[in-house]
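Q: structure, please.
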Amino acid sequence: MIDFTTVSREFRGLVERRRELFTFLGSVFAAMGLFLQNTLQGGLPESLGSIQQHIFAFYALVLMVLSLILALRMAKLHGGMVLNGILYARLMQEQDFTRKGDPLRAGRHNWFGVSFLQFVLVDLIASFSATILALAVSSPFWPAFCWGAGVFVLWVLLYFRFHHQARGFTYRKMAAEACAPFNRTEWEGHISSSLQQANQGMIAEIAFAGLMVFSVFEALSGLGKINPGDTDLATDVVKTHGPLVYSTLMLVTCLLELVIYLRVRVAAGAFCVQLDPTDRPFRPLRLTDSLLGYLVLAFLFAVSVHINLILLSPQLTLILPELLGIDAAALALAVLAEQITLVVVGRRWR
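A: Down below sits the predicted model:
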């Protein structure tokens, strides 16, 4: 028997665990960045001198193993969300007080879904650390890059494998079991709890982006203090390519976080409309709490664009007005994308 209370509670539990894993990874990345900087500045005692000599290999290995495990866990959690999402859609076919569910649609993969984008971010960190590890053990650049890309692709394949397994199992379960009855009060309780989770999720996305951005700043501030022969990576390679690698990771993180935040923002608005059809949460040009949170992410995105522009085009530092104009344009485009999304989604819900 497919029970509404069990399905809704399990789905919310999976969302909660996914958010906590994501925040944990941000904390690990920030802590390892601080450890790297302190080690490069000679902060380790002499008894740990071997770590000093192989600091990048140690840093990359710890980060890679943890991020690979967390990515695998998030892929498994996604499978659970697919399972319970399809069952929820099946249950919603049995009610007559809101929109009907569509199990087939619920089982399709969403390339812009929160689960997939969060998984991609974790997998990118694993790929990033795997590439650094390969370079630290004296691998040439292109083999190291291919190794990191291979790690990324392998984990993506595992993600889709879990997705298809969960979908196939759930369709068989639906064919074999009936739905238990439930009432509007139970459904409203689930929607209210989901709305609260969505609001907490937006805060968590800002926290993760902040951890990533400021840990990258921490790492960048330590790369310039490396002395020749102190680490397992060539000093000129670290100083030449390290800043661009870290800043690119920061830029991709901020861009994906903008999309993830906007997806959660839309979900929160949808929950509001379901609870109160007269509510208008998608009205543009309103200074709401969610908009202010989005502005924080948009500003971090503009900062990451600024850093990348300086690294890619050093001559831009000589024409500061143009550089600041590009930063302002990046910020404005991010905000414009958010407002357009609200207008489009609001029309669909009306």
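Q: okay, now the unreliable bits of the stretch 201-350 of the chain?
A: The model of the stretch 201-350 of the chain has pLDDT under 70 over residues 225, 227-230, 232, 316-318.
Q: can you map out the helices along it?
A: Applying DSSP state H, counting those that start in this stretch to the stretch 201-350 of the chain gives helices spanning 235-275, 289-312, 320-349.
Q: turn those into JSON lines, including mean neighbour count and distance to V213.
A: For glycine as for every other residue, the C-beta is placed from the backbone atoms N, C-alpha and C. Shown next, in JSON lines, are the helices of the stretch 201-350 of the chain (neighbours: other Cβ atoms under 10 Å; distance: least, Cβ to Cβ, whole Å):
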{"stretch": "helix 235-275", "mean neighbour count": "19", "distance to V213": "6"}
{"stretch": "helix 289-312", "mean neighbour count": "18", "distance to V213": "5"}
{"stretch": "helix 320-349", "mean neighbour count": "14", "distance to V213": "14"}
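Q: report the distance from the helix or strand harbouring L36 to the chain centre.
A: L36 is located in helix 4-40, with elements delineated by DSSP states H and E. Relative to its chain's centre, helix 4-40 lies at 10 Å (Cα atoms, centre = their mean, to the nearest Å).
Q: which parts of the next helix or strand after that helix are buried?
A: Per DSSP H and E, the first helix or strand lying C-terminal to helix 4-40 is helix 49-53. Within helix 49-53, the residues that count as buried by 16 or more other Cβ atoms under 10 Å are Q52.
Q: just the angle between the helix or strand where L157 lies and helix 235-275, please?
A: Using DSSP H and E, L157 sits in helix 141-176. Orientation check (axes from the mean of the first three to the mean of the last three Cα atoms, to 10 degrees): helix 141-176 against helix 235-275 gives 20 degrees.
Q: what's the closest of the helices of the stretch 201-350 of the chain to I203?
A: helix 289-312 (7.0 Å; Cβ to Cβ).
Q: next one: that closest one to chain centre, how far?
A: 15 Å.
Q: follow-up on the earlier one: so the helix holding L36 versus helix 235-275, what angle?
A: Using the same axes, to 10 degrees: helix 4-40 against helix 235-275 is 160 degrees.
Q: and helix 4-40, what does it pack against?
A: Counting contacts by 3 or more Cβ pairs under 8 Å, 6 or more residues apart in numbering; DSSP states H and E, helix 4-40 packs against helix 55-92, helix 114-136, helix 184-223.
Q: can I get the ones you listed in CSV including distance to T288 and mean neighbour count?
A: Formatted as CSV, the helices and strands packed on helix 4-40 follow (distance: least, Cβ to Cβ, whole Å; neighbours: other Cβ atoms under 10 Å):
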stretch, distance to T288, mean neighbour count
helix 55-92, 27, 21
helix 114-136, 20, 23
helix 184-223, 11, 18
